[in-house]
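> A predicted structure for the sequence below; I have some questions about it.
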Amino acid sequence: MVGAESTGKTTLCQALARTMGGLTFAEPLRQWVLHQGRAPTQDEQAQVLVMQRQAEAEATARAQSTGLRWVFCDSSPLVTAAYSQYYFNDVSLFEDALSHHQSCYTATLFCTPDGVPWTPDPGQRDGPDAREHVHHLLSRWIESKQVDHTLLVLSGGGAIRLTRGLAFLSGLDT
């Protein structure tokens, strides 16, 4: 799942996991903010990437051990890289995040802000302007074909996103 803050990633991950018999896990950035009581600094952004990859690996192992085919990743290192660029003008995480993204995911669901109202999440969300800016960063990366595998761009309300996501992923489930 890729998208800026408050674009429905968590809600969609949970709904897809329930509906498709997969699993998801708590977003590592959200866990960071809860445990540290603050957002990560520039020097800590790489740690968030590591946490994301570890959470994905653990979820994948759990899914395999229980016979589940799908793991829905609530956000991805690519999103962390976009926020690092937005907050700190730091693009150093992009190559690592892109490499991970292209080698570890079957598909990318890109959640746009269209149709999802911005809602606060204390300590983690900065507002509709930040959401728009990061959305445009991610859009440019995707449009420039830097994310070059199976992609679905999602807009509209939650029910529409779920229906489209299910149809798209069911087509991959062969």
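The structure has been received and is ready for your questions. Residues are numbered from 1 along each chain as shown.

> Now the residue nearest the centre of the chain. Nearest residue, chain neighbours left out?
With distances taken as C-alpha atoms, centre = their mean, the residue of the chain nearest its centroid is residue 75 (1.7 Å). Spatially, and ignoring its direct neighbours in sequence, residue 75 is nearest to residue 27 (5.3 Å; C-beta to C-beta, 6 or more residues apart in numbering). Just so you know, the C-beta spots here come from the backbone N, C-alpha and C atoms, and that holds for glycine as well.

> And that neighbour, what's its pLDDT?
Reading off the confidence values, residue 27 has pLDDT 88.

> Which SSE is immediately downstream of the lengthiest helix in the chain?
Secondary structure of the chain read by DSSP state H shows that its longest helix is helix 45-66. On the C-terminal side of helix 45-66, the closest following helix or strand by DSSP states H and E is strand 71-72.

> Can you list the strands that that following strand pairs with?
strand 23-24 (parallel) (DSSP bridges).

> in the next helix or strand after the strand it pairs with, what counts as buried?
From strand 23-24 onward toward the C-terminus, using DSSP H and E, the following helix or strand is helix 28-36. Applying a neighbour-count criterion of 16 or more other C-beta atoms under 10 Å, the buried positions in helix 28-36 are 28-29, 32-33.

> Tabulate the residues you listed (TSV), appending distance to residue 104.
Compiled in TSV, these are given as follows (distance: C-beta to C-beta, whole Å):
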residue	distance to residue 104
28	15
29	18
32	20
33	24
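
> would you list every one of the strands in the protein?
Remark: strands of the chain, listed N- to C-terminal, are 2-3, 23-24, 71-72, 108-111, 151-154; assignment by DSSP state E.

> most tightly surrounded among those?
Using mean count of other C-beta atoms under 10 Å, the stretch among the strands of the chain with the greatest mean number of neighbours is strand 2-3 (a mean of 26).

> Low-confidence bits of this protein, can you list those?
For the chain, the stretches flagged by pLDDT under 70 are 145-149, 173-174.

> Of all the strands of the chain, which one is nearest residue 122?
Between residue 122 and these, the tightest spacing by C-beta to C-beta is seen for strand 2-3, at 19.6 Å.

> what lines up beside that closest one in the sheet?
Within its sheet, strand 2-3 is paired with strand 108-111 (parallel), according to DSSP bridges.

> re the thing from before, of the strands of the chain, which is nearest residue 79?
Each of the strands of the chain has some distance to residue 79 by C-beta to C-beta; the shortest is strand 2-3, at 5.9 Å.

> Would you pull up how far the closest one lies from the middle of the chain?
Shown here is strand 2-3, whose average C-alpha point lies 4 Å from the average C-alpha point of the whole chain (C-alpha atoms, centre = their mean, to the nearest Å).

> Same question for stretch 123-142.
12 Å.
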